[in-house]
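Colleague: Sequence first, predicted model second:
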Amino acid sequence: CGPDKGRGGGVDQDGRRRCVRARMSDALLWQVLRKNNAFVKKRGGVEFSVEKGNVTSLNSYKYSGLVGSKAIDVAPTKG
């Protein structure tokens, strides 16, 4: 969080900084992020996405790990 400028930042009772994230719908967030984000890769006319939580690597609302409120990720464990 940046300095408190009326955006929900500030300091709690213990003197620690706190951040409050604005709530917006998944659909609205997807409209903002779908064409311009750091995870979109265009190869041969197809848009792929490399963000965490996107198990198919397709750049679509259905598979997005950024906007899905119920997104999951599959990762190997050390063992």
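Modeller: Perfect, thanks for sending it. Numbers count the residues shown, from 1 in each chain.
Colleague: How about the secondary structure of the residue nearest to the spatial centre of the chain?
Modeller: By CA atoms, centre = their mean, the chain has its centre lying nearest to Leu66, at 3.2 Å. Assigned with DSSP: H, G, I helix; E, B strand; the rest coil, Leu66 falls in the coil class.
Colleague: which ones are touching it?
Modeller: By CB atoms under 8 Å, 6 or more residues apart in numbering, Leu66 lies in contact with 29, 33, 37, 39, 51, 53-54. Every C-beta, even on glycine, is put in place using the N, C-alpha and C of the backbone.
Colleague: Mind checking which of those residues are buried?
Modeller: Using 16 or more other CB atoms under 10 Å as the burial test, these include 29, 33, 39, 51, 53-54 as buried.
Colleague: need the helices for this structure, in chain order.
Modeller: 26-33 (DSSP state H).
Colleague: looking at it, which helix or strand is least sure?
Modeller: Sorting the helices and strands of the chain by mean pLDDT, DSSP states H and E puts strand 10-11 at the bottom, at a mean of 56.
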